[in-house]
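>>> Next one to model:
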Amino acid sequence: MNRKTALIILLLLTSLAGFSQISIRMFARTRPSALFLTTVSGACLLHDEAEGEVRIDAGDIVAVSMHDSRIIYRTLSGIIGAADSLTFTPVSAGTLINLRAPGSNEPEKTLEGKIKIKPFPGSLLILNITTVENCLPGVVRAEAGKYGPSDYYKAQAVVARTYIYRNIDRHQLDGYNMCDDTHCQVYPGVVTDSVIVNACRYTAGRVITDRDSLLIEAAFHGNCGGETASSAEVWLAGYPYLVRVKDPWCSYSASARWRKSISLADWNNFLMSKGITPGSEGAIYGPQEPDRRRQATRRVQGKTVTSEEMRIRFGLRSAFFSLSPAGDSIAFNGRGYGHGVGLCQDGAKHMAEKKMAYDQITAFYYPGTMIIDIKNARKPPRP
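Residues are numbered from 1 along each chain as shown. Next up is the predicted model:
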């Protein structure tokens, strides 16, 4: 590699030093057009570019809605105004702001940091301006569940932090960094679980990279069924650290095995959609119980059918299964839950219960990687 090529590559690699704060779109799934905002501790300042600042004390409620592409707000104390955008800024550290979207099935969210509200096509754009470290416990709680051991949450914390920094520009064209839904990572707001909070603090600033200090694609899933999947087989994008790994740790979970049946009519429709004549698909079938190796593809009549296609089409818990005819139905016998790529959460939890450290857990599921400080990590350019 000559100097010119090396310089171009270095310029393409994104520095992460400027991302001490991030903006997260709240209620991204339901996109409400109205909002109730309450300061539940401390106080905040409501900034209206036209009217200036108004202090909102604890317990006061601000109702926000849209009218003709403008933001209309009314406080419980009787203040009324209209603005192009609103910003709620905490007066002091520790101030918490509660958001509730009327008519939405999403739960209330209690947040730290600033809240910015702007009009958006058909809805309010509600942004939480906070730090990665402040939002991380909420992300870990939502993605990793309750009642886990400390090193399980430490492993999930470095995974979640890595994911955030690698995807920090996912919604750049929309005017924010990330959303609070599964499109990015679920973020419910502030949580108080001391085990999770302490795990995030213990690993503060730590991320997973490859040997070139590039942030990895930190994929994870519920249960791999005894063997993780290669990203190349699932997403057609191969990474040297997202490869098949034999996993003896997750077989104790209730998610390790599953069964499902579909009608023969649904199965035949699927075959015909793939150009396969029903009744001639014997090569797709296998033993009634899946062995301990994933079968990524099945080939019949010159056509290739992937297990991932069948998982999505029939709503299967995973793409690790065998299938066989059973009268007027097709029986799937499977292992695991989720896409199977990267860290297996059930396996990671069991490893932590057996007193394995969080860095041992991540090294097992992402072979050839290392954990370093975010200051020394780089974000690879998007393809």
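
>>> what about the longest helix in the protein?
Among the elements of the chain assigned as helix by DSSP state H, the one spanning the most residues is helix 150-166.

>>> on contacts alone, who are the packing partners of the following helix or strand past it?
As assigned by DSSP states H and E, the chain's next helix or strand after helix 150-166 is strand 178-179. For strand 178-179, the helices and strands in contact under the criterion 3 or more C-beta pairs under 8 Å, 6 or more residues apart in numbering; DSSP states H and E are strand 21-25. Where C-beta positions appear, they are placed from N, C-alpha and C, glycine not excepted.

>>> What is the neighbour count of L215?
Other residues within reach of L215, judged by other C-beta atoms under 10 Å, total 26.

>>> Mind pulling up the pLDDT for F19?
At F19, the predicted lDDT confidence score is 61.

>>> Tell me where the stretch 1-150 of the chain has strands.
Along the stretch 1-150 of the chain, the stretches classed as strands by DSSP state E, counting those that start in this stretch are 21-25, 34-41, 43-48, 52-57, 61-67, 70-75, 80-83, 86-90, 96-100, 109-111, 114-120, 123-131.

>>> Please list the outside residues in contact with stretch 229-238.
Contact partners of stretch 229-238, identified using C-beta atoms under 8 Å, 6 or more residues apart in numbering, comprise 217, 219, 239, 242-244, 294, 296-297, 306, 308, 319-320, 339-342.

>>> again with stretch 191-206
Outside stretch 191-206, the residues that touch it by C-beta under 8 Å, 6+ apart are 133, 136-138, 140-141, 144, 146, 148, 150-151, 153-154, 156-158, 161, 358, 371-375.

>>> So which bits of it are buried?
By neighbour count, with 16 or more other C-beta atoms under 10 Å as the criterion, the buried positions of stretch 191-206 are V191, D193, V195, I196, V197, A199, C200, T203, R206.

>>> and the residues you listed, which of them are in helices?
The subset of those located in helices under the criterion DSSP H comprises V195, I196, V197, A199, C200.

>>> ok, of those residues, which one's closest to W258?
Checking these against W258 with C-beta to C-beta, the nearest one is I196 at 28.1 Å.

>>> confidence score at that closest one?
Residue-level confidence at I196 comes out at 98, pLDDT.

>>> Could you identify which of the strands of the stretch 1-150 of the chain is most buried?
Neighbour counts averaged per stretch over the strands of the stretch 1-150 of the chain are highest for strand 109-111, at a mean of 23; criterion: mean count of other C-beta atoms under 10 Å.

>>> Now, the contacts of stretch 229-238 that are in helices?
Secondary structure assignment by DSSP H places E308 of these in helices.
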